[in-house]
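Chemist: Task: produce atomic coordinates for the following.
(chains A and B)
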Protein chains: 2
Amino acid sequence: MSGPESSAVADAGAVVAGDWHEWLARRREEFETALSAHLATLKVTMGSHSRLPDAVLYSLNVGGKRLRPILVLESCRVCGGTSAAAMPAAIAIELVHTFSLIHDDLPAMDDDDLRRGQPANHKAFGEALAILAGDYLVTHAFTLLASESFDPQVAPKLINALGSATQWMIEGQAADIESEGRPPQQELVQYIHRHKTAALLEACCRLGALSAGASGDTISAVARYGRHLGLAFQIADDLLDDHGSESLVGKRLGKDGAASKQTYPAAFGVEESGVQARREVEAALQVLDAFGSRADRLRDLVRYVIQRDR
Amino acid sequence: MSGPESSAVADAGAVVAGDWHEWLARRREEFETALSAHLATLKVTMGSHSRLPDAVLYSLNVGGKRLRPILVLESCRVCGGTSAAAMPAAIAIELVHTFSLIHDDLPAMDDDDLRRGQPANHKAFGEALAILAGDYLVTHAFTLLASESFDPQVAPKLINALGSATQWMIEGQAADIESEGRPPQQELVQYIHRHKTAALLEACCRLGALSAGASGDTISAVARYGRHLGLAFQIADDLLDDHGSESLVGKRLGKDGAASKQTYPAAFGVEESGVQARREVEAALQVLDAFGSRADRLRDLVRYVIQRDR
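Modeler: Model (predicted):
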């Protein structure tokens, strides 16, 4: 990726080092293994009376960077917990994220035919199954976190945090859809991004910290990091969508602009958007000061999300 | 209501008495009051950046018989609990039921313009908001049950039971949609009705019993009653859709037949469907024998659901 917006935000952090990519690949593999095991069980449970299991598994297996579950796992580790403790929450977050992508892509919503370079769920399975696959995924996320293997003291907190974030995400999507074609408005774009993107990234961190059994103050701090990370991520994404390359993003570009979406560059201009992204990056990094060197991977993640598409 | 199908099932129980209707009206009023209070708080929380709050409230306020929440409340009472203890579960169940109606009515699904004699959600607010309103309702059901005011020992069990039932319902809807236009098949229609309708009615009873802190055996018995009730209800509904009057049902009739849906009359014939409905009614009543006279209202509910539309 190159262009004014990438250099505008990239100088906020050092170039990500080689061992970072190895680390990221290992975390991703760890998550994929756990997810595959979970889905194998799920597929048996769902039976074969419709193509719903295929539709559900299709969008989960199309891949993606798995940024959100990795953020859950690492937030848990920073708070002294294990990957195993945070894995159900990591899977639940990815289920909710995948639900949102499937429904966002529907013709009645953003009408996207491609997702991560593959046909969107409704192009592969039809609209009815895509709606139902999304419904199933979001429902299963909560069912999973309420399963008996979980500590009953922690489970309601996880579910409440994930549920609140999901409600915010849906509210953000509604505001996004309804403001299409209306002139860019700064307060509105901030509302949309705070709800549609930042809320779920904040929830990743909160659920990770909760899974580690962290104290209230620690949970709040890690969640605050996630919120700033989420806003930096969304501003960078808006800038990328404005100027990025289609092969990198795996979806049609310039689409948000074409539909007169509320974006940071449209509401604030490219330069001011870069300034705001840097401000969020700095705020995210500042929260991590209290965690010392054990938060190094969370620092790397900040630099990573502003340099790459999700 | 008159016709061969109603008399076929109506003789399974005595005509419902006058005080029953008073009782039902009081339970309904009790639920409406609690729901209104909850929605007033929710509307404030949701803010005003889109019409999503209006879309969410619209379908909840269109009314309906509130059969499911009343079943939750009464199952709790039969197990020795109070209405207050079961009210969050009753509201959560109604949210999930309303979510399923909104998504089922969408053009990509059953394509119904009317629901309870009013424009369906997507006719009133458009498809995008209808999809999001359904998403919000199902998410809020789980968030609500995970709220801090709940006993953490009970909340995960409620969420797990409601989540499992909702997953079954979605699987049933997928099988229903995908089998449209295919010849009626007895095993398939049983699968669809077991999943699409009976699972949620079973969950009503299970959540009610859980809210009362009932023992495992009692919870299982009450849930079994709910399953038989749900199957009787769905068979009666199929028969009603075949022969009922449009003003009574508040939606277009003969639609299931026109779309070659998998229905009991289509798969088993009207007479055999009546036999099966009676069998489910008897099984439901038999479960209640162990509960003596305190289950009288649950007995009345059996007779009620086979005589009336939901």
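Chemist: Which pLDDT value belongs to the residue of the stretch 151-300 of chain A at minimum distance from chain B?
Modeler: Residue nearest to chain B within the stretch 151-300 of chain A: residue A:163 (2.9 Å; CB to the nearest CB). Backbone N, C-alpha and C define where each C-beta goes, glycine included. Residue A:163 carries a pLDDT score of 98 in this model.
Chemist: next one: residue A:25
Modeler: pLDDT, read off for residue A:25, is 94.
Chemist: And for residue A:246?
Modeler: pLDDT, read off for residue A:246, is 39.
Chemist: got any ranges where the stretch 101-250 of chain A has weak pLDDT?
Modeler: For the stretch 101-250 of chain A, residues meeting the criterion pLDDT under 70 lie at A:243-250.
Chemist: isn't there a helix covering residue A:221?
Modeler: Yes - Residue A:221 forms part of a helix when assessed by DSSP: H, G, I helix; E, B strand; the rest coil.
Chemist: ok, and the closest non-adjacent residue to it?
Modeler: Distance criterion CB to CB, 6 or more residues apart in numbering or on different chains; nearest residue to residue A:221, sequence neighbours excluded, is residue A:287 at 5.6 Å.
Chemist: Now do the contacts for that neighbour.
Modeler: Applying CB atoms under 8 Å, 6 or more residues apart in numbering or on different chains, we find residue A:287 in contact with A:221-222, A:224-225, A:228.
Chemist: From residue A:67, how far out is it?
Modeler: 18 Å (CB to CB, to the nearest Å).
Chemist: One more: residue A:148?
Modeler: Using CB to CB, one gets 29 Å for the distance from residue A:148 to residue A:67.
Chemist: what about those two, which has more around it?
Modeler: Set side by side, residue A:148 and residue A:67 show more neighbours around residue A:67, with 22 against 9, by other CB atoms under 10 Å in any protein chain shown.
Chemist: Tell me if I'm right that the more buried one and residue A:237 touch.
Modeler: No - with contact defined as CB atoms under 8 Å, residue A:67 and residue A:237 do not form a contacting pair (11.4 Å).
Chemist: Chain B contacts on the stretch 1-150 of chain A?
Modeler: A:46-47, A:49-52, A:99, A:103, A:106, A:108-109, A:126-129, A:131-132, A:134-136, A:138-140, A:142-143, A:145-148, A:150 (CB under 8 Å from any CB of the partner chain).
Chemist: which of these are buried?
Modeler: A:46, A:49-52, A:99, A:103, A:106, A:108-109, A:126-129, A:131-132, A:134-136, A:138-140, A:142-143, A:145-146, A:150 (16 or more other CB atoms under 10 Å in any protein chain shown).
Chemist: What is the burial count for the nearest residue to residue A:136 once chain neighbours are set aside?
Modeler: Distance criterion CB to CB, 6+ apart; nearest residue to residue A:136, sequence neighbours excluded, is residue B:170 at 4.8 Å. The number of residues packed around residue B:170, counting by other CB under 10 Å, is 30.
Chemist: so the host helix or strand of residue B:170 versus helix A:155-178, what angle?
Modeler: Assessed by DSSP states H and E, residue B:170 sits inside helix B:155-178. Per axes from the mean of the first three to the mean of the last three CA atoms, to 10 degrees, the angle that helix B:155-178 makes with helix A:155-178 is 40 degrees.
Chemist: Alpha carbons of helix B:155-178, as CSV, please.
Modeler: Output in CSV follows, covering the C-alpha atoms of helix B:155-178 (Å, rounded to 0.1, in the frame of the first residue of the first chain):
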residue,chain,number,x,y,z
ALA,B,155,-28.5,-16.8,33.6
PRO,B,156,-26.2,-19.1,31.6
LYS,B,157,-28.8,-21.9,31.7
LEU,B,158,-31.5,-19.6,30.5
ILE,B,159,-29.3,-18.3,27.7
ASN,B,160,-28.2,-21.7,26.7
ALA,B,161,-31.7,-23.1,26.5
LEU,B,162,-33.0,-20.0,24.6
GLY,B,163,-30.0,-20.1,22.3
SER,B,164,-30.4,-23.8,21.5
ALA,B,165,-34.1,-23.3,20.8
THR,B,166,-33.4,-20.3,18.5
GLN,B,167,-30.8,-22.2,16.6
TRP,B,168,-33.3,-25.0,16.1
MET,B,169,-35.9,-22.5,15.0
ILE,B,170,-33.5,-21.1,12.4
GLU,B,171,-32.7,-24.6,11.2
GLY,B,172,-36.4,-25.3,10.8
GLN,B,173,-37.0,-22.2,8.8
ALA,B,174,-34.0,-23.1,6.5
ALA,B,175,-35.5,-26.5,5.9
ASP,B,176,-38.9,-25.0,5.4
ILE,B,177,-37.6,-22.5,2.8
GLU,B,178,-35.5,-25.0,1.0
